[in-house]
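Colleague: sharing a model that was predicted from the sequence below.
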Amino acid sequence: MAFEALSKTPASLDELRTRVFYALQRHPLCRQVEFDIVSTPRTRRTNWTVSMHSVQPGALWTAHEIVADIQEAYELDVAA
């Protein structure tokens, strides 16, 4: 049971891009954030990251927290 709670849901690059986009759109400060999803070598915690561009100063930490929450829940599907 404890292992199941730690496993992440596999998702494709397109699914991750969509989830991050809609999550950022829900917060008024983060609606103008431009980003790219980048596949990275697998680490203990994740195998993808988000490169953010055009982030307003007041939105930086909020956008970071939103992305971190998504990274905790999803991993890049290796078949993608």
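Modeller: Received the coordinates, thanks.
Colleague: which residues in the protein form strands?
Modeller: According to DSSP state E, the chain carries its strands in the segments 9-11, 34-39, 48-53, 74-76.
Colleague: and the third one, what does it pack against?
Modeller: The one in question is strand 48-53. With contacts defined as 3 or more C-beta pairs under 8 Å, 6 or more residues apart in numbering; DSSP states H and E, strand 48-53 has these neighbours: helix 13-25, strand 34-39, helix 60-73. Where C-beta positions appear, they are placed from N, C-alpha and C, glycine not excepted.
Colleague: likewise for the second one?
Modeller: If contacts are counted by 3+ C-beta pairs under 8 Å, 6+ apart, strand 34-39 sits against helix 13-25, strand 48-53.
Colleague: residue nearest the centroid of this protein?
Modeller: The residue lying closest to the centre of the chain (C-alpha atoms, centre = their mean) is Val67, at 4.0 Å.
Colleague: for that residue, give me its contacts.
Modeller: 20, 23, 35, 50, 52 (C-beta atoms under 8 Å, 6 or more residues apart in numbering).
Colleague: low-confidence stretches in this structure?
Modeller: Scanning the chain for pLDDT under 70 picks out 1-6, 79-80.
Colleague: repeat the analysis, applying 50 as the threshold.
Modeller: By pLDDT under 50, the weakly predicted segments of the chain are 1-2, 4, 80.
Colleague: from Pro28, how far out is the closest residue in space to Arg45 that isn't next to it in sequence?
Modeller: Spatially, and ignoring its direct neighbours in sequence, Arg45 is nearest to Gln71 (7.5 Å; C-beta to C-beta, 6 or more residues apart in numbering). Counting by C-beta to C-beta, to the nearest Å, the separation of Gln71 from Pro28 is 22 Å.
Colleague: go on, Asp69?
Modeller: Distance of Asp69 to Pro28, given as C-beta to C-beta: 17 Å.
Colleague: out of the helices and strands packed on strand 48-53, which gets nearest to Ser7?
Modeller: For the helices and strands packed on strand 48-53, the distance to Ser7 is smallest for helix 60-73, at 10.1 Å, taking C-beta to C-beta.
Colleague: chain center to the closest one: distance?
Modeller: Averaging C-alpha coordinates over helix 60-73 and over its chain gives two centres that are 6 Å apart (C-alpha atoms, centre = their mean, to the nearest Å).
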